[in-house]
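Undergrad: What would the 3D arrangement of this be:
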Amino acid sequence: QVQLVESGGGLVQAGGSLRLSCAASGRSSSSYTMGWFRQAPGKEREFVAAIRPNGDSTYYADSVKGRFTISRDNAKNTLYLQMNSLKPEDTAVYYCAARSASYNNARLYAYWGQGTQVTVSS
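TA: Next up is the predicted model:
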């Protein structure tokens, strides 16, 4: 069993930056692919970024490529999402997820955090 707790969300102006963290508990968390998803009001949950267990491969949605960076520190059991050049359309609840055979399919992730709100004002 893995428990995930996100933090770092908040209100920021367009063009600003935020860093999200996701603390994982469970001895096997470092062996899982982990990802970030987001869900805006009235929209479906969408893939943002994912990273393989040893961090050698990362994947991004086209909408965030070049602005967001996913990383992980397996010694600390923590996943990160550095978000730069934020836009109002990035406003959403951001979720971290763990353990999936498909990095960008939300339905295949086994574990989810409770989410953290990111609001970008124009």
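Undergrad: For the closest residue to Asn105 other than its chain neighbours, give the beta-bridge partners.
TA: Counting by C-beta to C-beta, 6 or more residues apart in numbering, Asn105 lies nearest to Phe47, which is 7.8 Å off, once chain neighbours are set aside. Any C-beta I mention is one placed from the backbone N, CA and C, and that applies to glycine too. Note on Phe47: beta-bridge partners by DSSP bridges are Phe37.
Undergrad: which residues touch Phe47?
TA: By C-beta atoms under 8 Å, 6 or more residues apart in numbering, Phe47 lies in contact with 35, 37, 61, 103-106.
Undergrad: Tell me the one among the residues you listed nearest to Ala97.
TA: Comparing those against Ala97 with C-beta to C-beta picks out Gly35 as the nearest, at 5.0 Å.
Undergrad: in which helix or strand would I find that closest one?
TA: Under the criterion of DSSP states H and E, Gly35 resides in strand 34-39.
Undergrad: Can you report the mean pLDDT over the residues of that strand?
TA: Mean pLDDT, computed over strand 34-39, is 98.
Undergrad: ranking the contacts of Phe47 by neighbours, who comes first?
TA: Neighbour counts for the contacts of Phe47 (other C-beta atoms under 10 Å) peak at Gly35, which has 27 neighbours.
Undergrad: my read: it touches Ala97, true?
TA: Yes: under the contact definition of C-beta atoms under 8 Å, Gly35 touches Ala97, with a separation of 5.0 Å.
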